[in-house]
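Visitor: Fold the following and give me the result.
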Amino acid sequence: MRLSFRTVLGIITLESHEGCITSLSFRETEQRDESPVLLDAEQEIAEYLKGERKKFTVPVCPRGTEYQKRVWDAASKIPYGETRTYSWVAGIAGGSPRSAGNALGANPIPIIIPCHRIVSSDGGISGYSSGIDIKRSLLRLERLHLDESVLK
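Guide: Coordinates of the predicted model:
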């Protein structure tokens with residue numbers, strides 16, 4: 001099942017299987033299946049992009065190797081508004097920073113599995129499967145809304 005919708009980042013398409021999100025991409029599809037999980041994910045992404053949601057609750061079922069799943073699980077533990085390095089992810093999931101980076105590049109559900117929160121050891125913003133501009137936008141968004149919540 002698929003659902004496309006417009007956001008400030010561009011068109012996002014979600015895919016689901018058996019009540020679980022399996023993919024998020026920045027491409028459009030004509031298909032609009034309004035299943036409960038797709039509609040819930042659309043709503044949660046809209047709230048996230050407005051700074052109203054810090055954590056996703058929709059079920060995700062990313063398809064990948066066991067190693068990739070460990071890397072994606074490590075990325076999912078990074079709190080909103082914070083970043084970690086590829087070395088940190090490798091320390092949690094095993095492997096090297098490069099292998100962790102390769103697994104993050106294969107993340108089928110970016111944003112919800114927040115691989116944008118991974119940066120280089122010098123703090124630089126490196127690769128992102130959906131493009132560096134989207135990664136920068138997501139990091140700015142989280143820092144902006146994190147700073148606003150601290151001021152309240």
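
Visitor: The lengthiest strand in the chain - what's its average pLDDT?
Guide: Identified as the longest strand of the chain according to DSSP state E is strand 10-17. Throughout strand 10-17, pLDDT has a mean value of 96.

Visitor: what packs against it?
Guide: Applying 3 or more C-beta pairs under 8 Å, 6 or more residues apart in numbering; DSSP states H and E, one finds that strand 10-17 contacts strand 2-7, strand 20-25, helix 36-49. For the C-beta atoms, the positions are set from N, CA and C on the backbone; glycine is no exception.

Visitor: List just the one of the ones you listed that sits closest to Thr83.
Guide: When those are ranked by proximity to Thr83, the top entry is helix 36-49, at 16.7 Å, counting by C-beta to C-beta.

Visitor: list the buried ones in the next helix or strand after that closest one?
Guide: Using DSSP states H and E, the helix or strand that directly follows helix 36-49 along the chain is helix 66-76. Neighbour counts over helix 66-76 (16 or more other C-beta atoms under 10 Å) mark Gln68, Arg70, Val71, Trp72, Ala74, Ala75, Ser76 as buried.

Visitor: what do you get for stretch 119-130?
Guide: Here stretch 119-130 shows Val119, Tyr128, Ser129, Ser130 as buried, counting by 16+ other C-beta under 10 Å.

Visitor: Let me know the helix or strand that the second one is in.
Guide: For Tyr128, there is no helix or strand it lies in under DSSP H and E.

Visitor: need the longest helix for this protein.
Guide: The longest helix of the chain (DSSP state H) is helix 132-151.

Visitor: For the buried residues of stretch 119-130, give me JSON lines that also has distance to Ile92 and pLDDT.
Guide: JSON lines is the format used below for the buried residues of stretch 119-130 (distance: C-beta to C-beta, whole Å; pLDDT from 0 to 100):
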{"residue": "Val119", "distance to Ile92": "15", "pLDDT": "94"}
{"residue": "Tyr128", "distance to Ile92": "19", "pLDDT": "81"}
{"residue": "Ser129", "distance to Ile92": "20", "pLDDT": "81"}
{"residue": "Ser130", "distance to Ile92": "23", "pLDDT": "83"}
